[in-house]
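>>> have a look; sequence and predicted model below, questions after that.
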Amino acid sequence: MLRVSTQVWIDASPTRVWAVLTDNGAMPSWNPMTERIEGVLAPGERVRLVFTLNGRRNDTVVTLLEAREPQTLLWRGGVPLLLRADHGFRLTAVDGGTALEQHETFTGLMAPLVPRLLGDLEAAYTAVNLALKARCERG
């Protein structure tokens, strides 16, 4: 198992952060990784993600496991036994703003190879967190 976790504090309410984070149509305008998202962000729904991660374009379909406004967004992708990825966002009200955690847990036979295959995930997710922070704090 491999877990990557990044955090940022955002000077905006969890409701505001959630609204920006779940606006599929606007996400490509602020998210440095995302080209587009197609589908409904609701538990059990399949969603298509087109994104660039460390210079590589990816097109994948994930299943939404949890979408609890304005606290948790979690999806799962991959191939059972080989490589499964659970990717999520957790929003917590703190000091008049939002503590955001973006995390991903990889399991399966290929999990130990993820850093070599996908590059520096922590840096990529930190860039997304900072872009989300900037978008939310702009008002």
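Perfect, I can see it now.
>>> contacting residues for residue 70?
Applying Cβ atoms under 8 Å, 6 or more residues apart in numbering to residue 70 gives the contacts 13-15, 17-19, 91. Where you see a C-beta, it was placed from the backbone N, CA and C, and this is true even at glycine.
>>> just these: which are in strands?
residue 91 (DSSP state E).
>>> go ahead and confirm residue 2 touches residue 106.
Yes: using Cβ atoms under 8 Å, residue 2 makes contact with residue 106 at a distance of 4.4 Å.
>>> looking at the two, which one has more neighbours?
Each of residue 2 and residue 106 has its neighbours counted (other Cβ atoms under 10 Å); residue 106 has more, 23 against 17.
>>> could you say which helix or strand holds that one?
Assigned by DSSP states H and E, residue 106 belongs to strand 97-107.
>>> just the helices in the chain please.
Using DSSP state H, the helices of the chain run over 14-21, 27-30, 114-118, 121-138.
>>> starting at the chain centroid, how far to the second one?
Which is helix 27-30. Relative to its chain's centre, helix 27-30 lies at 13 Å (Cα atoms, centre = their mean, to the nearest Å).
>>> hmm, back to that, among the helices of the chain, single out whichever gets nearest to residue 44.
For residue 44, the closest of the helices of the chain is helix 14-21, at 19.2 Å, according to Cβ to Cβ.
>>> next, the angle strand 97-107 makes with the closest one.
50 degrees (axes from the mean of the first three to the mean of the last three Cα atoms, to 10 degrees).
>>> contacts for helix 14-21, please.
10, 26-27, 30, 69-71, 73, 89, 91-93, 98, 100, 132, 135-136.
>>> ok, now with 10 Å
8, 10, 12-13, 26-27, 30-31, 41, 67-73, 89, 91-94, 97-100, 102, 128, 131-133, 135-139 (Cβ atoms under 10 Å, 6 or more residues apart in numbering).
>>> just to revisit the earlier point, reformat the helices of the chain as CSV; add distance to residue 58, mean pLDDT and mean neighbour count.
Shown next, in CSV, are the helices of the chain (distance: least, Cβ to Cβ, whole Å; pLDDT from 0 to 100; neighbours: other Cβ atoms under 10 Å):
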stretch, distance to residue 58, mean pLDDT, mean neighbour count
helix 14-21, 19, 98, 19
helix 27-30, 14, 95, 16
helix 114-118, 9, 92, 13
helix 121-138, 11, 97, 17
